[in-house]
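structure here, sequence nowhere to be found:
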Ligand SMILES: NC(=O)C1=CN([C@@H]2O[C@H](COP(=O)(O)OP(=O)(O)OC[C@H]3O[C@@H](n4cnc5c(N)ncnc54)[C@H](O)[C@@H]3O)[C@@H](O)[C@H]2O)C=CC1
Ligand SMILES: CC(C)CC(=O)C(=O)O
Ligand SMILES: [Mg+2]
């Protein structure tokens, strides 16, 4: 039997730094759990532009379509800010998501007990928090046409289009309802049906899918601005939140801070099942390339490590090993290990990115 295949696209900025720690974890599984993966690496984002003049080479795109899972670090950075929009690093990531048809982006926000004091909210508001944001990932305003910057009279006009079809809304709604059934059985759908036609359609379709296929799941609706407020006020009222591409992007960064840091939030981007019954999948931290700390050994690798835990769960049918890895992260945090982003003012010396990765591997080892 061949090993499951993984394509690593570490990308730019802190991407390669956090991915180096995931490599340690992957190697540990190969050596200690008889869970070997065929790992290949390639370029995406600014580093791909530097080499090929495009943020995603066609060969890389083809490889991504073939493997069992893609692990991505992050893309972008100030070096590429002035590039033409068509070759910006971020466009490489958007192309991957679109062409792999990864429509359901799962962004779990869980607050580890050891970090409940550190969250930007009060301890009782976040302790035990476990919510799942399901963000639509392949449509909406990041992809809609027309788009561009045009000249109108004497001034420029920037245009983006929010566009959703019924089927795009229905399939991500189903992902959210299916997940809810395995969790707290509640879905809150967020849009702005008060001011956007796409929001009206979103609400209608989610309501129809619910009535026809998931009447056992509790469904509520919220305008996304009020949802942002409720996420900060009392996040534990939510179980699964389903929302569009733009609102999901914003709400998940906000949810990250409930857990302590943007460096804590993993994600899984899932598409339709392949021939083997597993979804097409890409796993990546929610954060970006963090140019302000890149190259300094300060990046928190936990979001990327937890993204690999999601790969173990959703792509490789290794739920128990995913639990083991999440537990290892919990142990390391309970032991007081903190990267700089998780430090308060109490004078604790931060660990480096590599030290955090080593500590996670040591905790895995101790779990045997
Ligand atoms: N999926 C991706 O590849 C994403 C790429 N980006 C790109 O990244 C670049 C920088 O964007 P920003 O808005 O600064 O967002 P960012 O997520 O890179 O950073 C925001 C803040 O969070 C901190 N941070 C992020 N990840 C961290 C980690 N693992 N450990 C410790 N601190 C961490 C950063 O130091 C920074 O202060 C841009 O080019 C942007 O387009 C942004 C978001 C997602
Ligand atoms: C490059 C952006 C589209 C990525 C982003 O901010 C995200 O997906 O969270
Ligand atoms: Mg984002």
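All right, it came through fine. The model shown is predicted, which means the values in this text are computed figures rather than measured ones. Residues are numbered from 1 along each chain as shown. Ligands and ions are numbered 1, 2, ... in the order given.

so where's this structure uncertain?
By pLDDT under 70, the weakly predicted segments of the chain are 345-347.

if we use 90, what do you get?
1, 117-122, 256-257, 272-278, 343-349 (pLDDT under 90).

burial measure for the closest residue to ligand 2 within the stretch 101-250 of the chain, as a count.
Nearest residue of the stretch 101-250 of the chain to ligand 2 (CB to the nearest ligand atom) works out as residue 249 at 4.7 Å. Every residue, glycine included, has its C-beta placed from N, CA and C. Number of residues near residue 249 (other CB atoms under 10 Å) recorded here: 19.

helix, strand, or coil at it?
helix (DSSP: H, G, I helix; E, B strand; the rest coil).

quick one, what contacts it?
residue 135 (CB atoms under 8 Å, 6 or more residues apart in numbering).

any idea how far it lies from ligand 1?
8 Å (CB to the nearest ligand atom, to the nearest Å).

number of residues surrounding the closest residue to residue 291 other than its chain neighbours?
Nearest residue to residue 291 in three dimensions, chain neighbours excluded: residue 77, at 4.7 Å (CB to CB, 6 or more residues apart in numbering). Neighbour count for residue 77, taken as other CB under 10 Å: 21.

can you tell me how far residue 77 is from residue 151?
Distance, residue 77 to residue 151, using CB to CB, to the nearest Å: 29 Å.

ok, now residue 48?
Distance from residue 48 to residue 151, by CB to CB: 31 Å.

so between the two, which is more surrounded?
Under the criterion of other CB under 10 Å, the comparison of residue 48 against residue 151 puts residue 48 first, with 23 against 8.

right, and that one touches residue 57 too?
Yes. Between residue 48 and residue 57 there is a contact at 6.1 Å, judged by CB atoms under 8 Å.

shared neighbours, the two?
Shared contacts of residue 48 and residue 57, counting by CB under 8 Å, 6+ apart, come down to residue 42.

strands of the stretch 51-200 of the chain, start to end?
69-74, 104-110, 130-136, 144-152, 155-161, 186-191 (DSSP state E, counting those that start in this stretch).

got a list of what the spatially closest residue to residue 267 that is not a sequence neighbour touches?
Nearest residue to residue 267, sequence neighbours excluded (CB to CB, 6+ apart): residue 107, at 4.7 Å. Contact partners of residue 107, counting by CB under 8 Å, 6+ apart, are 132-135, 248, 252, 255, 265-267, 286.

kindly report the residues of the stretch 101-250 of the chain close to ligand 2.
residue 249 (CB under 6 Å from any ligand atom).

okay, and the beta partners of the residue nearest to residue 267?
residue 133 (DSSP bridges).

up against ligand 1, what does the stretch 1-150 of the chain have?
Within the stretch 1-150 of the chain, the residues that sit near ligand 1 (CB under 6 Å from any ligand atom) are 14, 18, 74-77, 90, 93.

give me the number of residues near the closest residue to residue 194 other than its chain neighbours?
The shortest distance from residue 194 to any non-neighbouring residue, by CB to CB, 6+ apart, is to residue 223 (5.8 Å). By the measure other CB under 10 Å, the count of residues near residue 223 is 18.

wouldn't residue 223 be in contact with residue 193 here?
Yes. Using CB under 8 Å, residue 223 is in contact with residue 193, at 7.1 Å.

what's the residue of the chain found nearest ligand 2 in contact with, if anything?
Residue nearest to ligand 2 within the chain: residue 90 (3.7 Å; CB to the nearest ligand atom). Counting by CB under 8 Å, 6+ apart, residue 90 touches 45, 55, 75-76.

now with 10 Å, please.
Each residue near residue 90 by CB atoms under 10 Å, 6 or more residues apart in numbering is listed here: 45-46, 55, 74-76, 80, 142, 288-289.

that one and residue 44, how far apart?
10 Å.

joint contacts of these two?
55, 74-75.

and the helices in this structure?
Applying DSSP state H to the chain gives helices spanning 15-32, 46-52, 58-66, 89-99, 123-126, 166-181, 197-213, 224-233, 245-258, 302-314, 319-334, 353-366.
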